[in-house]
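Trainee: sequence first, then the predicted structure:
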Amino acid sequence: MTKFFSLLADGLALGAVYALVALGFVVIFRATGVINFAQGGLVIFGAFLVYQAQNTWDWFGGGSTWPGFISSALFAIVCVAAIGAAFEALVLRRMIGQPIFAIILITIGLFLLVEPITTTIWHNPPGGIQTPWGTKTVSLGSVNILQVNIATVVLGALVMGGFFLLFQYTKVGVGMRATAVDQEAALAQGISVRRIFALSWAIAGAVAVVAGMMLAGGAGPAPGLSVSLGLIALRAFPAIILGGLDSPSGAVVGGLTIGVAEVMAKGYIPDRFPALGAEFGDIVPYIIMVIILLVRPFGLFGTREVRRV
Amino acid sequence: MRGKKLGRLLGVVAAAALAVGATSQAAFAGGVHSQKTPPNVPGFNGSTIKLGVITPQSGIASVVGKPLTEGNRVYWEAKNAKGGVAGKYKVDLSIQDSQYDVATALQGYDSIKGDVVAFQQILGTQIVKSVNQRLKADNLYGGPASLEGVWVKQSTLMPVGTPYQVLAANGLDWYQKNGGQGKKVCAMAQDDAYGAAGLDGLTQAAKTLNVKVAKTVRFATGSDTSAQVGELADAKCDAVMLTSLPNDTASIVTKMVGRNFTPTVLGIAPSWLGGLESTDNGPFYQDHYVWLGYGAPWGDQSIPGMAQMLTDQQQYAPDQKPDQYFEFGYGQAWAMDQILQQAAKNGDFSKAGIKKASNQVGTLKFDGLAGDYKYGKSASDRNPPRDSTIAKIAVGQPQGFQVVATNYTSKAGNQVKFTK
Amino acid sequence: MARPTRSMIRSYADDLRLFPTAAKRVGIVVLIALYLLVPYLINDTWASVLSLAGIVAIGAIGLNLLTGYTGQPSLGMAAFIGLGAFVAGYYGGGRFADGIGYDLNLFVYMLIAVIAGGAVGVLIGLPALRLRGNYLVIVTLGLVFVALYVWKKWTTFTGGNEGSAMPVKANLNLGFWSIDFLKPTVFGKELGSKQGLMYLAWGLVIVTALLVKNIVRTRPGRALQAVRDRDVAAEVVGVSLFRYKVSAFAISSAIAAGAGVLYGLYLGYLTPDETSLGLVLSIQFLAVIVVGGIGTIYGSILGALFVGSLPTIIKEFVPDNWNLPILGWPIVTSDASATGFSKGALSTVIYALLIIIFLVFEPRGLAGIWRRIQAYFRTWPFSY
């Protein structure tokens, strides 16, 4: 039973990272109807900017102190949010009305830009970035958990809660929902669709920084500080599919489900089916995704698309 | 000052005497060509030898490719300043950026294959395998930049250094003799050819030493490894042989810390990157990580090969930080130098001439920088060095290494076999 | 009655002509002459670039049928390329590099690969029937990872992590005439393997282009485009979605697997990992059809030539060190420790920017530019 609970804790930690990345996808999809393949690129960029503030500039004694951690995070959030909004305003705005596939490919283009730029500027530094939690752990019964993993789950919950408040109670949030339903009608109601689009990208950028910071700080798959951070976004796709592309709570449920499923598969499959190996766990998210899509083509929580002739 | 000058003069005289000796010896053995300049062939114009380098200079793998190529470059610049191969032929490197992409690497190969005598460096397992097919078809020769055992018997390749399999075997032996007797040994390896090489060495050594490998887990690079680490923790492993790359090492160690799981981690050479010792996981590395590498520890002036490398590095790459890949690149260029010298002696820098030289050179020697490599009469005769360097981790040391054993050999390491 | 001009379309028959104008027919002759001559004269650098471009062009034409004409975006190309390559390795004798093995003829292992590709394409096409747009992109993305897993585990077929050697011969034996494309002798001159591969690849580009052109200019092609533009409407007017979507997947996958055979021959050795069969490869095919022009066949060919030769053009013609004029910022540098792009990083940046720029400013790609040039000269001296 200890094994089960340990795996569950690991799965939730992984799932929390997936959920954070997935929330970034959802906020853009809700407003613009497009999957942002560059979300992984924003995650990478965010992590490197945090590194820049923490290690190169050494703000407030680096990331292991709270002021250093929070100030570097805020710096990166502002930068990446600006980059996201600028990309939307300069590039994607010209693409409104083009086929979805073309817009997806543009975001892939943005993603491809990130690797050469980050490696040119930062030259692959070793190790990750610091967090106030470091490598401290807590014990819950017989299960040992990294504090940074708990922090990631909490942050994921906070971001989801923030989204809920934003969409439910603020004027901007209601505007976002209105735009998602019908852009022309929203315009007619005096909502600036342009501003909504740019804002969605800015929010997605900010969420990406949070995800990247926690990842490079030791949470979830913890690949350290490198461009392979971007891979996490590819692995988060099944989460948004599972939850439905336009549902923030779906993204969180989907992220956690996929995270737990992946870790459980890796933990139990090698014993029962040695031929498949633990690596089978890496493709379990995709297999779940295909099965879900065959039953419900718009995810568990997604809105059914109305097709007109 | 005077003493130094005198020393240098003596050195020159001695070198001249040696050269004369070598020439006259070759004149007896090699016939008419030896005193003349070898005929011009592609890549050799009578005074300059051109060597190809196919390596990632951009992208994520450049963290390996750049220092390795620096090592190549520094060796040859120093050599050229002393006159060059056999005292008269300068060497020029033609560097092709592979971006760690197979197709790009092959285009780089195709674009320079007609202008080089041989390839100094080819980096990346899949890339070496693809380029090797080309080398076979074009009858060319090249140096793979990794320690994979499959290179040993390939007549088109110039392997150097102790293979991964031997590193793993010596590591297991060292652990058995240093507190690991009767303890539970497990293995964790990435799911590719490099991981397979580590596991191969461990399996062979376990048979020789009559040790049981209690648990083996594999993982895909960049994926979440918490379940695999959990498996090892549940199996209560006392030691884990880790075949990974630095990013994954960092992530795996974080998982171990998270589980309060503190086995001895026996990491095969590429699993480490200098700088990890000062990250958050520093204390874990210092207490539990053992590096299984080979060759001279950086900075050890008592080893002549290392002293030579450091002198050259200070002159031609003063900013270079201690780096195992730089050391590998330097040794690799040194190996090529010995083969080119043999070819110069034969008076033949043609493709066939280089291969012939490779089979005549006998044993490649590195003055302690790396173990001697027996090349023998043909590729099937080759016997790689069987010695390891074993290090623990400490802050403030070059690359974080606190060396505990150099030239470590073992029965298990000596008995490792290389099939095909 | 005299025709006013050859370019005027007055009947369906006119519209369906493969080569409607005299200029086009002359163009075809010129292209065939180029096809025969260029590999014969070219150096190794460009033979390597152009043979790979040909291979990419074949795959891109197949993908264009699926994405450009049928509107089904796919990131799954790498999986089918891998399938074709491993079939070549297994049946072409490469798997047992030391002489034993099936050692079959090029024609045979190509046929096996194409059939296998088509069959797997049907399997993928069935679930894809329910999916569109964003969802389809992500499912086909998953396919790349699942395929890599399968290649790694299916050791008897692929060699597993060790990978497998590809055929060292590409024999085509027609009885009266035979050729080994990896060691061809043309007009008594022995050419290099890349030059031989150029003949093979571009020969198959012609075959594939004609095949796909014939599909899209006839009834099935119009049905596919109807599916792309409004699938529900298409179904209402009697186009079987099932039949056309699944066949589009099957044909495009079969073509991709065929391109995979050539890709295997080009690589010489294949191990299943991200550097050779990862997502980057899939993205490259999408980039080619976008830069070339979505929904045109010659666009795919132009795109493959352009994207394929871009890194070499940068390598050969951009100086090793180049600072921005006036400001003096280092843009290109050969110094590993300096800030500034290496040439390799620069070509990735330009490649990424090209994708973005083409989509924003020239969504019809190179084909669109070419068509404008054509129109300019056809109506010259009038501006339209």
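Mentor: That came in fine, so what should we check first?

Trainee: so where's the stretch 51-200 of chain C uncertain?
Mentor: Where the stretch 51-200 of chain C drops to pLDDT under 70, the residues are C:93-103.

Trainee: stretch A:251-271 and chain C in contact?
Mentor: No - taking Cβ under 8 Å from any Cβ of the partner chain as the criterion, stretch A:251-271 and chain C are apart, separated by no less than 11.9 Å. Any C-beta I mention is one placed from the backbone N, CA and C, and that applies to glycine too.

Trainee: just the buried positions in that stretch, please.
Mentor: A:251-270 (16 or more other Cβ atoms under 10 Å in any protein chain shown).

Trainee: swap in stretch B:383-402?
Mentor: In stretch B:383-402, counting by 16+ other Cβ under 10 Å, buried: B:384-393, B:397, B:399-401.

Trainee: identify the farthest-apart pair in these.
Mentor: With Cβ to Cβ as the measure, no two of the buried residues of stretch B:383-402 lie farther apart than B:Pro384 and B:Gln397, at 27.2 Å.

Trainee: still on that earlier bit, out of the buried residues of stretch B:383-402, flag the one nearest to C:Val120.
Mentor: B:Pro384 (42.1 Å).

Trainee: and the pLDDT for the closest one?
Mentor: With respect to pLDDT, B:Pro384 scores 94.

Trainee: strands along the chain, start to end?
Mentor: You didn't say which chain, so I picked chain A. All strands of chain A, identified by DSSP state E, fall at A:137-140, A:143-146.

Trainee: should've been chain B
Mentor: B:48-55, B:90-97, B:118-122, B:142-144, B:185-190, B:213-219, B:239-243, B:264-268, B:289-293, B:363-364, B:373-374, B:388-393, B:401-408.

Trainee: with distance to A:Val153 as extra columns, can I get these in CSV?
Mentor: Formatted as CSV, those follow (distance: least, Cβ to Cβ, whole Å):
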stretch, distance to A:Val153
strand B:48-55, 42
strand B:90-97, 42
strand B:118-122, 45
strand B:142-144, 45
strand B:185-190, 26
strand B:213-219, 23
strand B:239-243, 28
strand B:264-268, 28
strand B:289-293, 29
strand B:363-364, 55
strand B:373-374, 52
strand B:388-393, 31
strand B:401-408, 37
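
Trainee: what about C:Phe176, distance to chain B?
Mentor: Distance, C:Phe176 to chain B, by Cβ to the nearest Cβ, to the nearest Å: 28 Å.

Trainee: leaving out the residues flanking it, which one is nearest to A:Gly302?
Mentor: Closest residue to A:Gly302 apart from its sequence neighbours, by Cβ to Cβ, 6 or more residues apart in numbering or on different chains: A:Gly244 at 2.4 Å.

Trainee: what segments of the stretch 251-400 of chain B are helices?
Mentor: Counting by DSSP state H, counting those that start in this stretch, residue ranges of the helices within the stretch 251-400 of chain B are B:282-288, B:304-316, B:324-346, B:351-360.

Trainee: okay, these, which one's buried deepest?
Mentor: Most buried of the helices of the stretch 251-400 of chain B, by mean neighbour count (mean count of other Cβ atoms under 10 Å in any protein chain shown): helix B:324-346, with a mean of 25.

Trainee: which other helices and strands contact that one?
Mentor: helix B:2-30, helix B:62-81, strand B:118-122, strand B:142-144, helix B:304-316, helix B:351-360, strand B:363-364 (3 or more Cβ pairs under 8 Å, 6 or more residues apart in numbering or on different chains; DSSP states H and E).

Trainee: the last one pairs with which strands, parallel or anti?
Mentor: Right, the one you point to is strand B:363-364. Strand pairing for strand B:363-364, using DSSP bridges, gives strand B:373-374 (antiparallel).

Trainee: chain C contacts on chain B?
Mentor: Proximity of chain B to chain C is confined to B:56-59, B:62, B:66, B:69-70, B:97-104, B:106-107, B:110-111, B:113-114, B:124-127, B:129-134, B:137, B:150, B:191-193, B:195-196, B:319 under the rule Cβ under 8 Å from any Cβ.

Trainee: now, those residues that are in helices?
Mentor: B:62, B:66, B:69-70, B:102-104, B:106-107, B:110-111, B:125-127, B:129-134, B:137, B:193, B:195-196 (DSSP state H).

Trainee: closest to chain C out of the strands of chain A?
Mentor: In terms of Cβ to the nearest Cβ, the element of the strands of chain A nearest to chain C is strand A:143-146, at 26.8 Å.

Trainee: my understanding was that the residue nearest to A:Gly302 contacts A:Phe301; is that so?
Mentor: Yes - assessed by Cβ atoms under 8 Å, A:Gly244 is found in contact with A:Phe301 at 4.0 Å.

Trainee: overlap in contacts, these two.
Mentor: Common contacts of A:Gly244 and A:Phe301 (Cβ atoms under 8 Å, 6 or more residues apart in numbering or on different chains): A:250, A:254.

Trainee: neighbour count winner among those two?
Mentor: More crowded of A:Gly244 and A:Phe301, by other Cβ atoms under 10 Å in any protein chain shown: A:Gly244, with 24 against 19.

Trainee: list the residues that contact the more buried one.
Mentor: Listed by Cβ under 8 Å, 6+ apart, the contact set of A:Gly244 reads A:250, A:254, A:298-303.

Trainee: out of the helices and strands packed on helix B:324-346, which gets the lowest mean score?
Mentor: Looking at the helices and strands packed on helix B:324-346, the lowest mean pLDDT belongs to helix B:2-30 (a mean of 45).

Trainee: residues from the stretch 201-350 of chain C in reach of chain B?
Mentor: C:266-271, C:273, C:275-276, C:280, C:311-312, C:315, C:336-337, C:341-345, C:348.

Trainee: the residues you listed in strands, which ones?
Mentor: C:269-270.

Trainee: pull out the buried residues from the residues of the stretch 201-350 of chain C next to chain B.
Mentor: When those are checked for burial by 16+ other Cβ under 10 Å, the buried set is C:266-271, C:273, C:275-276, C:280, C:311-312, C:315, C:336, C:341-345, C:348.

Trainee: which of those residues come close to chain A?
Mentor: Among those, chain A is touched by C:341-342, C:345, C:348 when using Cβ under 8 Å from any Cβ.

Trainee: what number of residues lie near the one residue in the stretch 1-150 of chain C that gets nearest to chain A?
Mentor: As assessed by Cβ to the nearest Cβ, chain A sits closest to C:Gly142 within the stretch 1-150 of chain C, at 3.4 Å. The burial count assigned to C:Gly142 is 24, neighbours taken as other Cβ under 10 Å.

Trainee: with adjacent residues omitted, what lies nearest to A:Ala185?
Mentor: A:Ala178 (7.1 Å).

Trainee: count of neighbours near the one you found?
Mentor: Using other Cβ under 10 Å, A:Ala178 has 17 neighbouring residues.

Trainee: do the same with C:Val216
Mentor: Close neighbours of C:Val216, defined as other Cβ under 10 Å, add up to 20.

Trainee: for the nearest residue to it once chain neighbours are set aside, what are its contacts?
Mentor: Of all residues not flanking C:Val216 in the chain, C:Tyr69 sits nearest, at 5.5 Å (Cβ to Cβ, 6+ apart). The neighbourhood of C:Tyr69, defined by Cβ under 8 Å, 6+ apart, consists of C:216, C:221, C:224-225, C:228, C:248, C:295.

Trainee: can you state the direction angle for the top helix by length along chain C and helix B:102-112?
Mentor: Longest helix in chain C by number of residues, with DSSP H as the criterion: helix C:241-267. Relative orientation of helix C:241-267 versus helix B:102-112 (axes from the mean of the first three to the mean of the last three Cα atoms, to 10 degrees): 40 degrees.
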